[in-house]
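**Student:** coordinates only, no sequence provided:
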């Protein structure tokens, strides 16, 4: 407002231009009229002027030039115009400010409504979030309980299975222990039988060695018979008659002796003709 007033004042000249011409005779300068502001008559060549706005006479010291109309007015009218213009500008600015204030208040009210609406939405969302969190917590707790129950059931089943396996292992261990004891008993029996067979083997080996020694000391009669002439064979029979009979009576030769004795008895009962026909038979040995 002050800036506008300063600009308005700058547009008006401070001094009156006395060379300005007036078309109206009533507004021509006069030497007889007093200035209504200072109540003095003009002196020397100075004249009073009539204000076209208030129709009052004024001196040159109190003259101003109108900014809108190119004619002279008095200082009071000039001030009144300035005041009116400033008042008008201030009124316009006040109205603009009122409009701005109203717009600001409307905007403020709208913002308040928006804020309240947002707060309401936020509160609703918070309630929904809290409800959702409560539901999620309940679901999580329920799932944890279900998982723990499943894990407990699975663990119980596994423990039962392990207990059955343990019982089966214990039973198998008992059976294996009994089987082991049985096998150990069988091993002991086998070892005893092995020792017995070893002793029997040693006895047989000893007997075998003795027999081999006897065989090395004696010659079988059959081989001897084949190796000597008939005359020497008869001499040998007579000379070793007892040894030959002893050899024939050893284990496994009783049937052979009986057959020879039976053949001898049957030979004695034969006729001379039959004896002659069987004289070459080897089983009718004369030594018996």
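**Tutor:** On my side now, so go ahead. In this text, all values refer to a predicted model and were calculated from it rather than measured experimentally. Residues are numbered from 1 along each chain as shown.

**Student:** what's the separation between residue 231 and residue 240?
**Tutor:** Distance of residue 231 to residue 240, given as Cβ to Cβ, to the nearest Å: 15 Å. Where C-beta positions appear, they are placed from N, C-alpha and C, glycine not excepted.

**Student:** repeat for residue 198
**Tutor:** In this view, residue 198 and residue 240 are 39 Å apart by Cβ to Cβ.

**Student:** more neighbours: residue 231 and residue 240, which one.
**Tutor:** Using other Cβ atoms under 10 Å as the criterion, residue 231 and residue 240 rank with residue 240 on top: 16 against 8.

**Student:** which parts of stretch 146-159 are buried?
**Tutor:** Neighbour counts over stretch 146-159 (16 or more other Cβ atoms under 10 Å) mark no residue as buried.

**Student:** mind listing what's buried in the helix or strand harbouring residue 238?
**Tutor:** According to DSSP states H and E, residue 238 maps onto helix 230-239. Neighbour-count burial for helix 230-239 flags 233, 236, 237 (criterion: 16+ other Cβ under 10 Å).

**Student:** so what's the residue count around residue 54?
**Tutor:** 14.

**Student:** give me the number of residues near the residue nearest to it when sequence neighbours are not counted?
**Tutor:** Excluding the flanking residues, the one nearest residue 54 by Cβ to Cβ, 6 or more residues apart in numbering is residue 77, at 5.3 Å. As a burial measure, residue 77 scores 20 neighbours (other Cβ under 10 Å).

**Student:** tell me the mean pLDDT for whichever helix or strand residue 77 is part of?
**Tutor:** Assigned by DSSP H and E, residue 77 belongs to helix 75-217. Throughout helix 75-217, pLDDT has a mean value of 88.

**Student:** mind giving me the packing neighbours of that helix?
**Tutor:** For helix 75-217, the packing partners by 3 or more Cβ pairs under 8 Å, 6 or more residues apart in numbering; DSSP states H and E come out as helix 2-10, strand 63-65.

**Student:** need the pLDDT of the closest residue to residue 61 other than its chain neighbours.
**Tutor:** Spatial nearest neighbour of residue 61, excluding adjacent residues (Cβ to Cβ, 6+ apart): residue 38 at 7.1 Å. Turning to residue 38, the model gives it a pLDDT of 81.

**Student:** count of residues packed around residue 38?
**Tutor:** 11.

**Student:** wait, a helix at it?
**Tutor:** No. Per DSSP: H, G, I helix; E, B strand; the rest coil, residue 38 lies outside any helix segment and is coil.

**Student:** any idea how far it lies from residue 140?
**Tutor:** Per Cβ to Cβ, residue 38 is found 99 Å from residue 140.

**Student:** got it, and residue 57?
**Tutor:** Distance, residue 57 to residue 140, by Cβ to Cβ: 102 Å.

**Student:** between these two, which one's more packed in?
**Tutor:** Remark: of residue 57 and residue 140, residue 57 carries more neighbours, 22 against 10, as counted by other Cβ under 10 Å.

**Student:** which residues does residue 63 bridge with?
**Tutor:** residue 74 (DSSP bridges).

**Student:** ok, back up a step: lowest average pLDDT across the helices and strands packed on helix 75-217?
**Tutor:** Of all the helices and strands packed on helix 75-217, the segment with the smallest mean pLDDT is helix 2-10, scoring a mean of 48.
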